[in-house]
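Chemist: how would this look folded up:
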Amino acid sequence: MQFNTVLPWPGSVRVRYDPDSQLADRSTVEIAAWLKVLVRDPRLRLNDIWALEKIQGEIITLNDQQARPRLEINLHKMQVTGTDGCNNYSGGIKVLDAERLQFGSMASTRKLCPDMAVANQFNVQMVKAHRYVLEELKLHLFDAQGNELFVFQKID
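Modeler: Next comes the predicted model:
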């Protein structure tokens, strides 16, 4: 018996079910297939919510009225959403492979917050993202020249 299942990211997988195996039901087979794919494709670790720690090597400092910028990557929809610390944004993922992560056009709300310094710097650097490195629970984004733009911490 075979069936197809849609995974929570782009693509699908074909699984061969062995009725003599110890697997109890279809959901167990789906989970087993998901785990095999997860081990093989490190990009899947990007699919999460990330909180900003550094911009261009500098630890960001926030006052009591500022929100921490966040980046949520949804590989199933190939979209990003989040906040720059003041405004919400969303956009598409234009390029994603083992080393490169590039965003498409972004849409954003246009609130005016008391301190826009972090938000403005975040937005200027975000469009430059070209490459990424995952180190444990940290996501590093770099520009095309290899300069570190951001360091995010996984929060979800």
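
Chemist: Can you give the domain ranges for this protein?
Modeler: The record's domain parsing of the chain by automatic domain parsing lists 2-40, 45-154.

Chemist: Enumerate the beta-bridge partners assigned to residue 95.
Modeler: For residue 95, the beta-bridge partners under DSSP bridges are residue 102.

Chemist: Number of residues surrounding it?
Modeler: For residue 95, the count of nearby residues is 13 (other CB atoms under 10 Å). Glycine gets a C-beta too; all of them are placed from N, C-alpha and C.

Chemist: Residues in a beta bridge with the residue nearest to the spatial centre of the chain, which ones?
Modeler: In the chain, the residue lying closest to the centroid (CA atoms, centre = their mean) is residue 73, at 2.9 Å. Residue 73 has these beta-bridge partners by DSSP bridges: residue 80.

Chemist: Helices along the protein, start to end?
Modeler: Listed in chain order, the helices of the chain (DSSP state H) span 26-40, 117-126.

Chemist: which other helices and strands contact the shortest one?
Modeler: On a contact count with 3 or more CB pairs under 8 Å, 6 or more residues apart in numbering; DSSP states H and E, helix 117-126 meets strand 49-55, strand 101-108, strand 148-154.

Chemist: Look up which residues are beta-bridged to residue 135.
Modeler: residue 138.

Chemist: measure it to residue 111 for me?
Modeler: Distance of residue 135 to residue 111, computed by CB to CB, to the nearest Å: 33 Å.

Chemist: Make JSON lines from the helices and strands packed on helix 117-126 and add mean neighbour count, distance to residue 131 and mean pLDDT to it.
Modeler: What follows is those, written out as JSON lines (neighbours: other CB atoms under 10 Å; distance: least, CB to CB, whole Å; pLDDT from 0 to 100):
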{"stretch": "strand 49-55", "mean neighbour count": "19", "distance to residue 131": "16", "mean pLDDT": "98"}
{"stretch": "strand 101-108", "mean neighbour count": "15", "distance to residue 131": "7", "mean pLDDT": "96"}
{"stretch": "strand 148-154", "mean neighbour count": "20", "distance to residue 131": "10", "mean pLDDT": "98"}
